[in-house]
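A.B. asks: can't give you the sequence, but here's the structure:
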């Protein structure tokens, strides 16, 4: 129960006592979206001058609950890194945020739309930063600050730190520093010292979300960065895809392994690592054939809007 509708919620975090939701002041054209006339990116507009709201929804209350609301400066956040409760009972959230939503502009000529990657002007894209929001349920007071003034996305922390204090945050970054650009590298932030280390791919290479994977034999007593980062890398020049393996303790060193994939795989949006989860070769090949057949259909992954792959043409044709 929020008292607000419609909402666009892409991500949330948890603490021992709350679900934490960052709600931007966004209007959603629900009817156009449901009818397939607009994808989710086209259907959203952000209200200038309005406040964003950090919602703390009590956990374990059962039934309808009233969330605690904390007004923040107008911003839009797709992804949160983590949230936790400090020693004073305040809820601390670290999230990637921009001053406004941007999902790309679609250009149309003679009834034919061009994909975003052909038309985007990164100089007009609002930059992302890593921000820290602090909300005090006892007093109703809140603060916000920029933790990292760098264009970043897809933040992650060690899974064992979920809902607990963390030291390291891993994110994708661009080759342009604080200036928006495509995801072409990784940055590790040490929140205790403020220091960063990063690795950047070549100009024709692009990376996806880093996935945290604990090393074999790791225990709760192991260092927080005693792990691997897994990510896809696509080569835009050769149309090939690799799986990257980086040492989470030394991101600047770059990939320990670059595993070529047998087929081109576009960058996925999100992923997870599950220890011990394996598929046999025959099953992988069978699933690849199915996916390849679907991709050859005219509507599969069709870019018909400012949010690639989320159009509903395949359902409404």
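C.D. replies: Looks like it came in fine. Note that the structure is predicted; figures quoted are calculated from it, not measured.
A.B. asks: gap between residue 54 and residue 216?
C.D. replies: Counting by Cβ to Cβ, to the nearest Å, the separation of residue 54 from residue 216 is 38 Å. All C-beta atoms are positioned from the backbone trio N, CA, C, and that covers glycine.
A.B. asks: what does residue 288 give?
C.D. replies: On the measure of Cβ to Cβ, residue 288 and residue 216 end up 28 Å apart.
A.B. asks: which of the two has more residues huddled nearby?
C.D. replies: More neighbours surround residue 288 than the other of residue 288 and residue 216, with 13 against 7 (other Cβ atoms under 10 Å).
A.B. asks: and that one, which of the three is it?
C.D. replies: Following DSSP: H, G, I helix; E, B strand; the rest coil, residue 288 is assigned to helix.
A.B. asks: contacting residues around the closest residue in space to it that isn't next to it in sequence?
C.D. replies: Excluding its sequence neighbours, the residue lying closest to residue 288 (Cβ to Cβ, 6 or more residues apart in numbering) is residue 263, at 6.5 Å. Applying Cβ atoms under 8 Å, 6 or more residues apart in numbering, we find residue 263 in contact with 241, 288, 292.
A.B. asks: is it fair to say the last one lies in a helix?
C.D. replies: Yes - counting by three-state DSSP, residue 292 is part of a helix.
A.B. asks: what about it, how many neighbours?
C.D. replies: Counted by other Cβ under 10 Å, the residues lying close to residue 292 total 10.
A.B. asks: quick one, phi/psi of residue 159?
C.D. replies: Dihedral pair for residue 159: phi -50, psi -30, per degrees, to the nearest 10.
A.B. asks: can you verify my assumption that it contacts residue 212?
C.D. replies: Yes - Residue 159 lies in contact with residue 212 (Cβ atoms under 8 Å); the separation is 6.0 Å.
A.B. asks: from residue 269, how far out is the nearest residue to residue 232 once chain neighbours are set aside?
C.D. replies: Among residues not flanking residue 232 along the chain, residue 208 sits closest, at 4.4 Å (Cβ to Cβ, 6+ apart). Residue 208 sits 8 Å away from residue 269, going by Cβ to Cβ.
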